[in-house]
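S.K.: Okay, structure incoming, though there's no sequence with it:
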């Protein structure tokens, strides 16, 4: 015991005087202050020194991760869009090629039926071709496809003769029709030999140097001799084939020695092609569930000025507006595209061509009358809009979905980051709270313990008992206030505290606050200047709660007033045209002030500014939080205006109770949980 007292009173000169007791209190307070500094200053400083680097690394890693995910999503979206475009292109190209094969089969059936080969015909005459033609008409669905069948005898010494095959026994001889004159003249000029006849489709400057040996006759599907040598004139339209009437010995393979040839000319009915064949093929290949999925147009020339067929009244006449265009009869065989089709004539894919504009494989060589001869073109346009726009829409949709997913991911990561940061801040605030409460408890307990020990040991004279009693009483009151503060906070957070609301005169509240804080104000040497308007109306509230709210504001002003020892307390009625009238209670000090960056934080539980911790100002960080909770529970609010070095003004706003409310509340009090 002697050692314990020696430690407590090292600065005292006598254990029997009040000065010794005060010295013991100062020593205990100094010890507790040292403990507070070690628990609330050193530890947070060490943590704060590490936290910026820690959070910087986390944020940087998250930023890098989000950028990487965003780039990957953009790359995947681009790949998906490209794959979608390829899939659509292959689908359109496949449909157009199927259409092309069926269109080709309509012409090929008559070629197969007539059985005109490059070296046949020596034993055939017009009657054989008539029988084959009539047999074909009896078997096919569209016999009207063929308008007329002619034999153009260009090998006669007496001059050429045109015979039209009919159902009668004998052919009809007559002059060439106007629509066939250009074609027949072209055939006559290329009838000197079978080799020249097979190249009649070429331009004159090309055919003069042509040879039948290893001719370029590409095709998409394998063809027999029955299809070899047929040529197409798209102007009539008609298909033609040379006929040989002079057979050489088997050992002779030079086709030039066969001599002049005749021609079989099959004139096609263009109206049947336009009115029956093209619509049927379009419905078969491009029709959706109830209507054509694609609008199909067959035109002569890429500009689409001459429309042969259109599946829609709004014709796709501009090739630039079409989703895909195809040259129906293919490019000239001697062109680059022609050699390409010769290389892939048995293939099933067109992977190296552009599906927006491509040429079909060559089936019949087209008789060319000029290098700028317009081809027959098939154009498709989707009814839902341009396919490029649909692909772009798919891309935008994928990008939007990816962006939403990325934003959700970023938001989730941000929420986790903010929650982690707040949890860490809350843990730090709670640590500071525990240290502050420990200090707030230890200081009065040490004083009470020392005073009680001195009284027990008989070290205090009778004249000093009153002083020691005051010390014990004041320190006990401080403990009670601290416990009440914590209980207020815990009850309000848990919603267990019940406010008894009734009309309350604010003058009584101020009077109660002045009484409760009188001791603290007197010991600190403060002066409270009260200014109150006369005849203020009542407010609806809980008397103890309002008293606790104002008491917290006054105690807060005492703690942070610094060297100033003045506190202003002002009550007045505020009239408003927009909102309801209210009573305002100001608690003003001329102390340290609060920086603008700290103002949003001061009402948070457990929060204490670094300046307060550094200045060793006692507190738990609950006073303002409890005051704001009470103000809001009373239907009011708490505001603050502060300037660093000038002081702070806390204002309690409480709504005024109307006369009707006052009468009703007088009859029965209301109790609401909080």
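M.R.: Here it is on my side, so go on. These numbers come from a predicted model, not from an experiment.

S.K.: Which strand or helix spans residue 89?
M.R.: Using DSSP states H and E, residue 89 sits in helix 43-114.

S.K.: following that helix, which helix or strand shows up next?
M.R.: Taking DSSP H and E, what comes next after helix 43-114 is helix 126-139.

S.K.: so where do the helices sit in the stretch 251-400 of the chain?
M.R.: Along the stretch 251-400 of the chain, counting by DSSP state H, counting those that start in this stretch, helices occupy 270-272, 278-286, 336-343, 387-456.

S.K.: go on, the stretch 501-650 of the chain?
M.R.: 506-516, 518-524, 543-559, 610-614, 623-633.

S.K.: Which one of those lies nearest to residue 177?
M.R.: Among the helices of the stretch 501-650 of the chain, helix 623-633 comes nearest to residue 177, with 102.4 Å by CB to CB. For every residue, glycine as well, the C-beta is placed using N, CA and C.

S.K.: name the helices or strands packed onto the closest one?
M.R.: helix 465-494, helix 543-559, strand 637-643, strand 647-655 (3 or more CB pairs under 8 Å, 6 or more residues apart in numbering; DSSP states H and E).

S.K.: can you rerun that using 6 Å?
M.R.: Applying 3 or more CB pairs under 6 Å, 6 or more residues apart in numbering; DSSP states H and E, one finds that helix 623-633 contacts helix 465-494, helix 543-559, strand 637-643.

S.K.: quick revisit: tell me the most buried of the helices of the stretch 251-400 of the chain?
M.R.: helix 278-286 (a mean of 18; mean count of other CB atoms under 10 Å).

S.K.: so it versus helix 43-114, what angle?
M.R.: Relative orientation of helix 278-286 versus helix 43-114 (axes from the mean of the first three to the mean of the last three CA atoms, to 10 degrees): 140 degrees.

S.K.: Residue ranges in the stretch 401-550 of the chain under the pLDDT threshold?
M.R.: 435-436, 439-440, 462-463, 492-497 (pLDDT under 70).

S.K.: again but with the stretch 51-200 of the chain, I slipped
M.R.: For the stretch 51-200 of the chain (pLDDT under 70), the answer is 51-52, 117-123.

S.K.: Swap in 50 and give it another go.
M.R.: Where the stretch 51-200 of the chain drops to pLDDT under 50, the residues are 121.

S.K.: that older thread, determine which of the helices of the stretch 251-400 of the chain approaches residue 576 most closely.
M.R.: That would be helix 387-456 among these, by CB to CB, at 35.9 Å.

S.K.: so who does residue 367 touch?
M.R.: By CB atoms under 6 Å, 6 or more residues apart in numbering, the contact set of residue 367 is 201, 231, 233.

S.K.: Could you find the closest non-adjacent residue to the first one?
M.R.: Once its chain neighbours are removed from consideration, residue 201 has its nearest residue in residue 365; the separation is 4.0 Å (CB to CB, 6 or more residues apart in numbering).

S.K.: before we move on, back to that, of the helices of the stretch 501-650 of the chain, give the one that comes closest to residue 104.
M.R.: Closest approach to residue 104 among these (CB to CB): helix 623-633, 85.4 Å.

S.K.: got the contact list for that closest one?
M.R.: With CB under 6 Å, 6+ apart as the contact definition, helix 623-633 has outside contacts at 488-489, 492, 499, 545, 549, 552-553, 556, 602-603, 605, 637-638, 652, 674.

S.K.: hmm, back to that, so which of the helices and strands packed on helix 623-633 has the densest surroundings on average?
M.R.: Using mean count of other CB under 10 Å, helix 543-559 ranks as the most buried of the helices and strands packed on helix 623-633, with a mean of 23.

S.K.: mind giving me the domain split of this structure?
M.R.: Annotated domains of the chain cover 143-269, 462-673 [automatic domain parsing].

S.K.: Pipe those domains into a markdown table and attach distance to residue 280 per row.
M.R.: Output for those, formatted as a markdown table (distance: least, CB to CB, whole Å):
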| stretch | distance to residue 280 |
| --- | --- |
| domain 143-269 | 12 |
| domain 462-673 | 77 |
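
S.K.: re earlier: can you lay out the contacts of residue 367 as TSV showing neighbour count, pLDDT and secondary structure?
M.R.: Formatted as TSV, those follow (neighbours: other CB atoms under 10 Å; pLDDT from 0 to 100; DSSP: H, G, I helix; E, B strand; the rest coil):
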residue	neighbour count	pLDDT	secondary structure
201	22	88	coil
231	25	92	strand
233	24	93	strand
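
S.K.: so how far is residue 309 from residue 657?
M.R.: In this view, residue 657 and residue 309 are 88 Å apart by CB to CB, to the nearest Å.

S.K.: will you turn the contacts of residue 367 into JSON lines that also has distance to residue 411?
M.R.: Compiled in JSON lines, these are given as follows (distance: CB to CB, whole Å):
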{"residue": "201", "distance to residue 411": "68"}
{"residue": "231", "distance to residue 411": "69"}
{"residue": "233", "distance to residue 411": "69"}
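
S.K.: was I right about residue 584 contacting residue 650?
M.R.: No - contact criterion CB atoms under 6 Å: residue 584 and residue 650 do not qualify, at 10.7 Å.

S.K.: These two: which has the busier surroundings?
M.R.: residue 650 (24 against 16; other CB atoms under 10 Å).

S.K.: surely the more buried one meets residue 639?
M.R.: No - at 7.4 Å, residue 650 and residue 639 do not qualify as touching, with contact defined as CB under 6 Å.

S.K.: thinking again about what came up before, of the domains of the chain, give the one that comes closest to residue 391.
M.R.: domain 143-269 (28.0 Å).

S.K.: Just the terminal-to-terminal distance for that closest one.
M.R.: Length of domain 143-269, first residue to last, CA to CA, to the nearest Å: 10 Å.

S.K.: Show me how far it is from its chain's centre.
M.R.: 65 Å (CA atoms, centre = their mean, to the nearest Å).

S.K.: If we ignore the residues flanking it in sequence, what's nearest residue 612?
M.R.: Counting by CB to CB, 6+ apart, the residue nearest residue 612 is residue 619, at 6.6 Å.

S.K.: is it fair to say residue 182 lies in a helix?
M.R.: Yes - the assignment for residue 182 by DSSP: H, G, I helix; E, B strand; the rest coil puts it in a helix.

S.K.: In contact with residue 242, which residues?
M.R.: Taking CB under 6 Å, 6+ apart as the test, what residue 242 contacts is 194, 197, 261, 263.

S.K.: now do residue 524
M.R.: By CB under 6 Å, 6+ apart, the residues touching residue 524 are residue 558.

S.K.: One more pass at 10 Å, please.
M.R.: 517, 558-559, 561, 565, 567 (CB atoms under 10 Å, 6 or more residues apart in numbering).

S.K.: From these, pick the one nearest residue 92.
M.R.: Scanning the contacts of residue 524 for proximity to residue 92, where the rule is CB to CB, the winner is residue 559, at 81.0 Å.
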